[in-house]
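>>> Pasted the sequence and its predicted model underneath.
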Amino acid sequence: MLAGLRGVDREIWRATRVEAIPTWRVYASIVLPMLRPPLVTCVVLIAIAVVKSYDLVVAMTGGGPGYASDLPGKFVVDFAFERANIGQASAAAAVMLGSVLTVLAPYLYLELSRRDR
């Protein structure tokens with residue numbers, strides 16, 4: 001993110017000062033659209049880290065105490081392999097997939113509609 005912010009040209013900042021554009025407007029209309037690729041990269045990396053955190057939680061706490069360190073991925077694995085409840089594990093995995101698609105679908109729609117123009 002820092003590299004992306006440093007990639008914003010100084011001439012843009014000078015031009016916004018000359019035009020007396022408020023700082024919040026500069027960030028909302030100019031800087032954030034320019035930072036879209038680094039933002040998408042960060043979101044993807046964080047999503048991967050969340051999915052991969054299953055092994056860390058199981059190794060450190062064993063999923064306890066109680067449900068204090070329960071994660072969606074751990075829930076699916078517990079129901080699939082420890083409790084042998086494949087139906088509920090599949091349903092939970094489908095809900096996880098649906099939530100990811102709910103977030104990704106509008107973004108993909110906007111990106112593909114921009115490319116068509």
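Cool, the structure landed.
>>> Going by C-alpha atoms from here, please, whenever you check contacts or count neighbours.
Will do.
>>> Pro37: neighbouring residues, count only.
13 (other C-alpha atoms under 10 Å).
>>> Please point out which parts of whichever strand or helix holds it sit buried.
Using DSSP states H and E, Pro37 falls within helix 36-61. Within helix 36-61, the residues that count as buried by 16 or more other C-alpha atoms under 10 Å are 38, 54, 57.
>>> Counting by contacts, list what that helix packs against.
With contacts defined as 3 or more C-alpha pairs under 8 Å, 6 or more residues apart in numbering; DSSP states H and E, the packing partners of helix 36-61 are helix 72-77.
>>> Can you list the buried residues in the helix it packs on?
Those would be 73-77, for helix 72-77 by 16+ other C-alpha under 10 Å.
>>> for Cys42, what are its contacts?
Met1 (C-alpha atoms under 8 Å, 6 or more residues apart in numbering).
>>> got the angle for the strand or helix carrying Glu111 vs helix 36-61?
Per DSSP H and E, Glu111 falls inside helix 86-116. Angle, helix 86-116 to helix 36-61, by axes from the mean of the first three to the mean of the last three C-alpha atoms, to 10 degrees: 160 degrees.
>>> to the chain's geometric centre, what's the distance from helix 86-116?
Here helix 86-116 is found 12 Å from its chain centre; the criterion is C-alpha atoms, centre = their mean, to the nearest Å.
>>> What residues sit buried inside it?
89, 92-93.
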